[in-house]
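K.L.:
Coordinates for the following, if possible.
(one chain, ligands or ions: 2)
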Amino acid sequence: MGYTLGQKLIRSHLISGDMTPGSEVGIRIDQTLTQDATGTMAYLEFEAMGVPRVKTELSVAYIDHNTLQTGFENADDHRFIASCAKKHGIRFSRPGNGICHQVHLERFGIPGKTLIGSDSHTPTGGGIGMLAMGAGGLDVAVAMGGGAYYITMPQTVFVNLTGKLPPFVSAKDVILKVLQILSVKGGVGKIIEYGGEGVKTLSVPERATITNMGAELGATTSVFPSDEITRAFLKAQGREDDWTELLPDEDAVYDRVIDIDLSSLTPLAAMPHMPDNVMPVSEIGKIKIDQVCIGSCTNSSLADMLKVAKILKGKKVHPDVSLVVAPGSMQVLNMLAQNGALSDMIGAGARILEAACGPCIGMGQSPNSGGVSLRTFNRNFEGRSGTADAKIYLVSPETAAVSAVAGVFTDPTTCGFDISVEMPESFIINDNLIEPPAPAAEADGVKIQYGPNIKPFPVTESLADDIRAKAILKVGDNITTDHIMPAGAKILPYRSNIPYLSQFCFRQCDGNFAENCKREKAGIIIGGANYGQGSSREHAALVPLYLGIKAVITKSFARIHCANLVNAGIVPLTFSNPDDYGKITQGDGLLLPGIRERIKNNLPVVLNNITKDEEYVLNCELSERQRAIILDGGLLNYTKKNA
Ligand code: MIC
Ligand code: SF4
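P.N.:
Ligands and ions are numbered 1, 2, ... in the order given. All right, here's what the predicted structure looks like:
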């Protein structure tokens, strides 16, 4: 029996475990990336581990999220990260150089290598055949220190692509189709592997759009084969030597096969407020729009931007629409400037932003009250844009640009514009915004620069014998980490200040959450299915930890968030009978008797509802390693103890 491509990549990096789906495997990590919103914490954790230099083949620290600099906080954090990078052997991608995933694909990604990043869209690298995964900051810190990264061995879904995309239908429509089929929880515990004849018709940026937004499926990662198209992309980046061919075995066995005929696809949109709430653009109707945002790690490649510029050339952005464009990297922006496409965008009335995440994470450009915003981004969770009642639709660059001119939601296949663009044979190679680390011999002399916004992270304690606390909060299905720990311009600058962040925790679900926690000093959260979907931010675990959350009991968890809870020493549990979820009311007094002994000895966990005088059986689906981490009170304690 042959191997899938994902299995081959895992096999070539396997450190521990057996590759049976569902069991834990430890993987050697070749490359890491961090971004600044999660990076400050990751480097504080790395510092706490006391490892002088990273042990990976390559580690890169990007600044791309917190670039607004409305106060000293961001700039201080940039300096802190820059000094850590210099000292510990990490490359530093300065603000303005672009979004981590776009830059990493252009300048550093290598087919066949493993990559983990403290950002959930790290699977973008799967577009060139990397095994690339999002992880919590602490997991990235451990990998930088030479430790393995642990995942539950995934199943594989094979997406068999045939045909060729029609004009005006794009890679974004492919991944929206997959989201429509699988939903935001359909990828949990799975690798989504793309193959079939249709793959040959997709360029690397198109593949990367698809693997990027595989994060919204909850998938462990997504991957494309590395072929001649990958080679041509790397050659254009001056990196042909980094190329190797990577294909699945011909007799590979997949757990599920999904057939998609690219030629049958039409433009799609994810309606407010979930990426899997997908409808054909042609059926949405001519809704009046207020804003269009083009960019983000999903759709900010040169190819995307050139198509947008071609649509805008010689036209005028509708007077009722604000169009903003954020190219994905310095390379993309520079090339747009050089070939005149930037002028076409500016001339039409586009507002050009720096190469960064920007509006995707609510860092500016919040829509007007109740505004309709079409975005080429990957997440449209309620409130994420910074305007609580805005309606965000996720679309392709083609749909976005055509609609910006029309002023109403428009199916681009009906516009009759010409969008044929020619891709250059080579890209501008200019790494002026990437700083190398100090040579090892000089590293000792580099001083880490801490700003006043950096506060120590919460102290964790080893697991108590029993947990007794109220059901401090009860929430429904598909709760995102944006619900748990919101981002946006007012909050994101405080990612290294957990006490300050804590006042915003769960604000959208229960405005009194933080106060209740402070009064009770301990709490248990009750959640529905796919709890913690979305980002990799470990703050969604560290802040609840700071507020005294001891356990989270749900119908099911999203992968990265569950790992972050374990790393923080918070016990993740699931209902053995999902109906028991309905029996608990917020405020009920709960007891997890003998939890320490039960976790230690891998015995069934029971939950006493003291208020209702009921008992429920819970699952604790943790590996032996994870149980040990929980007993020690989190990964940092565990790592120090076992170092
Ligand atoms: C996001 O898109 O939600 C983010 C901001 O990039 C996060 C990381 C973070 O919260 O810092 C992610 O996707 O992991
Ligand atoms: Fe940045 Fe948005 Fe991508 Fe997150 S999803 S890395 S905020 S561009």
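K.L.:
what residues are up against whichever residue of the stretch 301-450 of the chain sits closest to ligand 1?
P.N.:
Residue nearest to ligand 1 within the stretch 301-450 of the chain (Cβ to the nearest ligand atom): I361, separated by 4.5 Å. Quick note: C-beta positions are derived from backbone N, CA and C, even for glycine. Residues near I361 by Cβ atoms under 8 Å, 6 or more residues apart in numbering: A37, H65, R384, A487, G488, L492.
K.L.:
Can you tell me which residues in the stretch 51-200 of the chain are near ligand 2?
P.N.:
Contacts of the stretch 51-200 of the chain with ligand 2, taken as Cβ under 6 Å from any ligand atom, map to H65, I99, D119, H121.
K.L.:
try 5 Å this time
P.N.:
Counting by Cβ under 5 Å from any ligand atom, the residues of the stretch 51-200 of the chain close to ligand 2 are H121.
K.L.:
which residues touch the residue in the stretch 51-200 of the chain positioned nearest to ligand 1?
P.N.:
Among the residues of the stretch 51-200 of the chain, S120 lies nearest to ligand 1; the distance is 3.5 Å by Cβ to the nearest ligand atom. For S120, the contact set (Cβ under 8 Å, 6+ apart) comprises G134, A215, G534, S535, S536, I560.
K.L.:
so it sits in a helix?
P.N.:
No - with DSSP: H, G, I helix; E, B strand; the rest coil as the criterion, S120 is located in coil rather than a helix.
K.L.:
So what does it have for phi and psi?
P.N.:
phi -70, psi -20 (degrees, to the nearest 10).
K.L.:
how close does it sit to A143?
P.N.:
Distance of S120 to A143, computed by Cβ to Cβ, to the nearest Å: 16 Å.
K.L.:
and if you look at P275?
P.N.:
Applying Cβ to Cβ, the value for P275 to A143 is 28 Å.
K.L.:
Y149 now?
P.N.:
5 Å.
K.L.:
hey, what's in contact with both of the two?
P.N.:
Joint contacts of Y149 and A143 (Cβ under 8 Å, 6+ apart) are I29, I116, A135.
K.L.:
tally of neighbours for the first one?
P.N.:
One way to gauge burial is a neighbour count; for I29, by other Cβ atoms under 10 Å, it gives 28.
K.L.:
Nearest spatial neighbour of it, chain-adjacent residues omitted?
P.N.:
A143 (4.1 Å; Cβ to Cβ, 6 or more residues apart in numbering).
K.L.:
before we move on, back to that, give me the more crowded residue out of P275 and A143.
P.N.:
With neighbours defined as other Cβ under 10 Å, P275 and A143 compare such that A143 has more, 28 against 25.
K.L.:
pLDDT (mean, whole number) over the host helix or strand of that one?
P.N.:
Using DSSP states H and E, A143 sits within helix 137-144. The pLDDT scores in helix 137-144 average 98.
K.L.:
Repeat that for stretch 204-214.
P.N.:
99.
K.L.:
Show residues contacting it.
P.N.:
Here stretch 204-214 has contacts from 101, 105, 121, 123-128, 132, 170-172, 174-176, 178-179, 187, 192, 194, 199, 202, 221-224, 229-230, 233, 275, 297-299, 301-304, 378, using Cβ under 8 Å, 6+ apart.
K.L.:
ok, 7 Å please
P.N.:
101, 105, 121, 123-124, 126-128, 171-172, 174-175, 187, 192, 194, 221-224, 229-230, 233, 297-299, 301, 303-304, 378 (Cβ atoms under 7 Å, 6 or more residues apart in numbering).
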